[in-house]
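Novice: sequence first, then the predicted structure, then my questions.
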Protein chains: 2
Amino acid sequence: MYLDPKMTAAAVEVADTPRQLGTGRYAGTRRRPLPPDTAWTEFLASSRARLETLGAHEILFHEDDAANHIYEVVSGQVMLYRLINDGRRQVVDIVSAGDLFGLSMTGLHDCSAETLTAAEVRVLDRRDIEGSGALQTHVNRCLMTRIESLHSHTVLLGRKSAQERVASFLMRFVPKRGVVGCVGPAVGHDDQTVVLRMTRQEIADYLGLTIETVSRVLSDMKRRGIISIERNDHIHMASVCRVCKLTGMH
Amino acid sequence: MYLDPKMTAAAVEVADTPRQLGTGRYAGTRRRPLPPDTAWTEFLASSRARLETLGAHEILFHEDDAANHIYEVVSGQVMLYRLINDGRRQVVDIVSAGDLFGLSMTGLHDCSAETLTAAEVRVLDRRDIEGSGALQTHVNRCLMTRIESLHSHTVLLGRKSAQERVASFLMRFVPKRGVVGCVGPAVGHDDQTVVLRMTRQEIADYLGLTIETVSRVLSDMKRRGIISIERNDHIHMASVCRVCKLTGMH
DNA sequence: CGCGGTTTTGACCGGCTTCAAAGGGAGTGG
DNA sequence: CCACTCCCTTTGAAGCCGGTCAAAACCGCG
């Protein structure tokens, strides 16, 4: 049911790059919390928007379906993925509370959307937001955030080793570190438990790896005392800082 | 000056995927030409927008620079890239005529921008567009297009072999095929010459490969009669269709 | 012709995939 | 409570793709 072996990331010369860049923040999205957008919240209150409550692993739409609605994650997480004909899958994005998804320029969805966890999703008619400029401003901010997140993920897929990918992935779930902007090495002891609400297969498809490699990297980190795993989806990091150092950003 | 070896893409089971997806179009952006946006063109005419004319390999901004302007490509191509501290580089996007770039949610650019070719770029003040809803609509469309393009690139980096990446890259430059939406196998003979306005290093950094691998793949395609190379940046494809089949989308 | 840059080619190696089998954990039924 | 199944995960062994390092070829250009 599968196939194709594939590649290797590269080490790269940056010969003529003119200057050294700024502080090396973690590659996760450099997002800051969106300020409340009154036009948007008012719209939600008055509109025909409906709130859907979904269980884990429910599909919202498929690639190539007509894109007549846009979606806002209220709670939980949703993954967006693409398939290629021979069965390979790539998870292209993971969205959570406040994120918009399902917008399309072509009229057809360019990927499929499936909940990772139980989730609430607000479904809006595409045309309802197309009219209003004030709403577009909010949509805009969400799109820019997604783009910055995709840029980070591009670097991960193009240039990071398996270990760096898994470490980066773990850091995604640490509040105030990684994704939201690292606040620095954090004083005192610095342990943390993250809950992975994804199967190994989903993680692998997100990180551009195989299920076996993800498993091996986690086992190796466990062996080295960097993490401990309980119940398979609860991962305890003895030192967040140590994991962060493995991401390839420091 | 570099380093890290890296990974392998994966073959993936898609066990519980409910249905077979639609037609396998090429993974390049599924973009269709934007309809003329009168609000936008009027704005450009009346605004303080300035048009900059640049040579090849000029830098517009660096990662972490303040993002006070947004940019519109008028002609030529611009690449966006990120560096990680040890020198690895990943080109995260390549933009051309009509595309906007340099928008940021955080106030700082999340990547650097450098021209690939001689180019004209319109530079707009960030605040000039922030006010107007009508303009946001145009910005929105551009952002959605970029996101769809990034999704395609994510699949390429996460799941494609070196040969598939290079073939996909070549198809990018074939008008009416790949990027803009494949019009099908094309009747009659179907040869085409594309001009690569990028060095091997830039191509490698875009495709998540090394310079040597890019070179080897191209040599191999040449040996097999699929392409011929003249003057190093002119690549003649004997049959576009044949190259397209190597992209991994068919 | 010689020189500096990029590109190509070669030989080797290693990380990740592949293929295969063993190990858990949860649910069901006796 | 235990046996059994199913599914996911982990572990093992082997192979290959692409990276690494190094040298040769190419290509303007002075």
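Specialist: Perfect, I can see it now. All of these numbers come straight from a predicted model, not from anything done at the bench.
Novice: who touches the residue nearest the centre of chain A in this structure?
Specialist: In chain A, the centroid-proximal residue (CA atoms, centre = their mean) is A:Ile94; its distance is 3.5 Å. Applying CB atoms under 8 Å, 6 or more residues apart in numbering or on different chains, we find A:Ile94 in contact with A:77-80, A:116, A:206. Yep, even glycine has a C-beta here, placed from its N, CA and C like the rest.
Novice: turn the residues you listed into a markdown table, columns for pLDDT and secondary structure.
Specialist: Formatted as a markdown table, the contacts of A:Ile94 follow (pLDDT from 0 to 100; DSSP: H, G, I helix; E, B strand; the rest coil):
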| residue | pLDDT | secondary structure |
| --- | --- | --- |
| A:Gln77 | 95 | strand |
| A:Val78 | 97 | strand |
| A:Met79 | 98 | strand |
| A:Leu80 | 98 | strand |
| A:Leu116 | 95 | coil |
| A:Tyr206 | 98 | helix |
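Novice: which of those ranks first by neighbour count?
Specialist: A:Tyr206 (27 neighbours; other CB atoms under 10 Å in any protein chain shown).
Novice: where's that residue relative to DNA strand C, distance?
Specialist: 12 Å (CB to the nearest atom of the strand, to the nearest Å).
Novice: so that residue touches A:Arg89, yeah?
Specialist: No: the pair A:Tyr206 / A:Arg89 is not scored as a contact, 9.6 Å apart, by CB atoms under 8 Å.
Novice: sorry, back to before: let me know the closest of the contacts of A:Ile94 to DNA strand C.
Specialist: DNA strand C lies nearest to A:Tyr206 out of the contacts of A:Ile94, by CB to the nearest atom of the strand, at 11.9 Å.
Novice: once you drop chain neighbours, what's closest to the closest one?
Specialist: A:Val91 (3.9 Å; CB to CB, 6 or more residues apart in numbering or on different chains).
Novice: would that neighbour count as being in a strand?
Specialist: Yes: under DSSP: H, G, I helix; E, B strand; the rest coil, A:Val91 falls within a strand.
Novice: beta-bridge partners for it, please?
Specialist: A:Tyr81 (DSSP bridges).
Novice: which helix or strand contains A:Val217?
Specialist: Per DSSP states H and E, A:Val217 falls inside helix A:211-223.
Novice: now do the buried residues in that helix.
Specialist: Going by neighbour count (16 or more other CB atoms under 10 Å in any protein chain shown), the buried part of helix A:211-223 is A:211, A:213-214, A:217-218, A:221.
Novice: so which of those reach chain B?
Specialist: The subset of the buried residues of helix A:211-223 within reach of chain B, by CB under 8 Å from any CB of the partner chain, is A:211, A:213.
Novice: okay if I get the buried residues of helix A:211-223 as TSV plus pLDDT?
Specialist: Formatted as TSV, the buried residues of helix A:211-223 follow (pLDDT from 0 to 100):
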residue	pLDDT
A:Ile211	98
A:Thr213	98
A:Val214	98
A:Val217	98
A:Leu218	98
A:Met221	97
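Novice: and of the buried residues of helix A:211-223, the nearest to DNA strand C?
Specialist: The closest of the buried residues of helix A:211-223, once distances to DNA strand C are taken by CB to the nearest atom of the strand, is A:Thr213, at 2.9 Å.
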